[in-house]
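Colleague: sequence plus the predicted model coming up.
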Amino acid sequence: MRVIQDGTIALGPGKVQLLEAVREQGSISAAARSLNMSYRRAWLLMDELNRALESPATVSEHGGQSGGGSTLTPVGEEIIRLYRGIEARAAAACAPEIEALMKLVKG
């Protein structure tokens with residue numbers, strides 16, 4: 001599922017996966033590494049997401065002795081919760097169609 005805003009993907013599976021990685025890793029750079037993504041790409045995705053929201057999904061601490069990092073805001077946590085819930089409900093509601101599609105895939 002993707003949420004499109006002004007022709008841009010405001011929210012989709014990649015951004016949700018990145019949010020989950022930021023939550024797990026504690027920084028955008030570590031999250032990017034865990035997803036085999038460049039830091040620049042991850043930063044651009046988070047910036048694009050945060051600009052699309054009323055309140056940001058992440059907050060970042062800049063370097064210093066502890067090295068900085070990023071954490072999810074309550075908005076970021078809510079995005080993950082809602083998105084994954086929608087996925088689960090859609091999968092359950094569309095199980096026969098998903099099964100039919102899977103029969104078309106090599107395996």
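Modeller: Perfect, I can see it now.
Colleague: going by secondary structure, the residue nearest to the spatial centre of the chain is in what exactly?
Modeller: With distances taken as Cα atoms, centre = their mean, residue 16 lies nearest the centre of the chain, 1.7 Å away. Residue 16 is part of helix 13-25 when elements are defined by DSSP states H and E.
Colleague: what residues sit buried inside that helix?
Modeller: 14, 15, 16, 17, 18, 19, 20, 21, 22, 23, 25 (16 or more other Cβ atoms under 10 Å). Every residue, glycine included, has its C-beta placed from N, CA and C.
Colleague: packing partners of that helix?
Modeller: Applying 3 or more Cβ pairs under 8 Å, 6 or more residues apart in numbering; DSSP states H and E, we find helix 13-25 packed against helix 28-34, helix 39-52, strand 69-72, helix 74-93.
Colleague: between the second one and helix 13-25, how big is the angle?
Modeller: What that stands for is helix 39-52. 110 degrees (axes from the mean of the first three to the mean of the last three Cα atoms, to 10 degrees).
Colleague: can you list contacts of helix 39-52?
Modeller: 5, 8, 10-11, 14-15, 18-19, 22, 28-29, 31-32, 35, 56-58, 70 (Cβ atoms under 8 Å, 6 or more residues apart in numbering).
Colleague: from those residues, list just the buried residues.
Modeller: 11, 14-15, 18-19, 22, 28-29, 31-32, 35, 56-58, 70.
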